[in-house]
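# sharing a model that was predicted from the sequence below.
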Amino acid sequence: MTASDFPGWTIWQSSNGRWYATRSAVPAVFPATLDALSEDELHKKLTAQQRKETRRG
């Protein structure tokens with residue numbers, strides 16, 4: 001998974017092993033931060049979030 005897969009999101013792994021995705025400019029109806037226990041889980045959450053935003057957009 002790379003940042004280019006999800007434009008507008010910054011993706012990183014913290015020292016506690018959790019994965020995070022954050023974005024700076026966020027409409028109030030969408031979450032500004034997603035977190036997950038694994039990179040794969042975070043990828044699934046980001047994909048689901050993109051689908052939600054596309055439907056509303």
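Here it is on my side, so go on. Note that the structure is predicted; figures quoted are calculated from it, not measured.

# now the helices for this protein?
Secondary structure of the chain by DSSP state H: the helices cover 39-56.

# residue ranges with poor pLDDT in it?
1-4, 25-29, 57 (pLDDT under 70).

# 90 - rerun?
Residue ranges of the chain with pLDDT under 90: 1-10, 22-33, 50, 52-57.

# let me know how buried Glu53 is, in neighbour terms.
When counting by other CB atoms under 10 Å, one arrives at 12 neighbours for Glu53. For the C-beta atoms, the positions are set from N, CA and C on the backbone; glycine is no exception.

# Leu46 now?
19.

# what about stretch 14-26, distance to the chain center?
With CA atoms, centre = their mean, to the nearest Å as the basis, stretch 14-26 stands 8 Å off its chain's centre.

# now do it: everything it contacts.
With contact meaning CB atoms under 8 Å, 6 or more residues apart in numbering, stretch 14-26 is reached by 6, 8-13, 32-39, 41-42, 45-46.

# make it 10 Å
Contact with stretch 14-26 is made by 1, 3, 6-13, 30-43, 45-46, 49, as judged by CB atoms under 10 Å, 6 or more residues apart in numbering.

# now the nearest residue to Lys44 once chain neighbours are set aside: how far from Arg56?
Computed as CB to CB, 6 or more residues apart in numbering, the closest residue to Lys44 that is not its neighbour in sequence is Ala36, at 7.9 Å. Distance of Ala36 to Arg56, computed by CB to CB, to the nearest Å: 22 Å.

# between the two, tell me which one has more neighbours.
Between Ala36 and Arg56, counted using other CB under 10 Å, the more crowded position is Ala36 (17 against 9).

# okay, and the beta partners of that one?
Trp19 (DSSP bridges).

# tell me the contacts of it?
Counting by CB under 10 Å, 6+ apart, Ala36 touches Gln13, Arg18, Trp19, Tyr20, Ala21, Leu42, His43, Lys44, Lys45, Leu46.

# what is the neighbour count of the third one?
Burial of Trp19, expressed as a neighbour count using other CB under 10 Å, amounts to 21.

# just the second one next, same as before
The tally of other residues near Arg18 (other CB under 10 Å) stands at 14.
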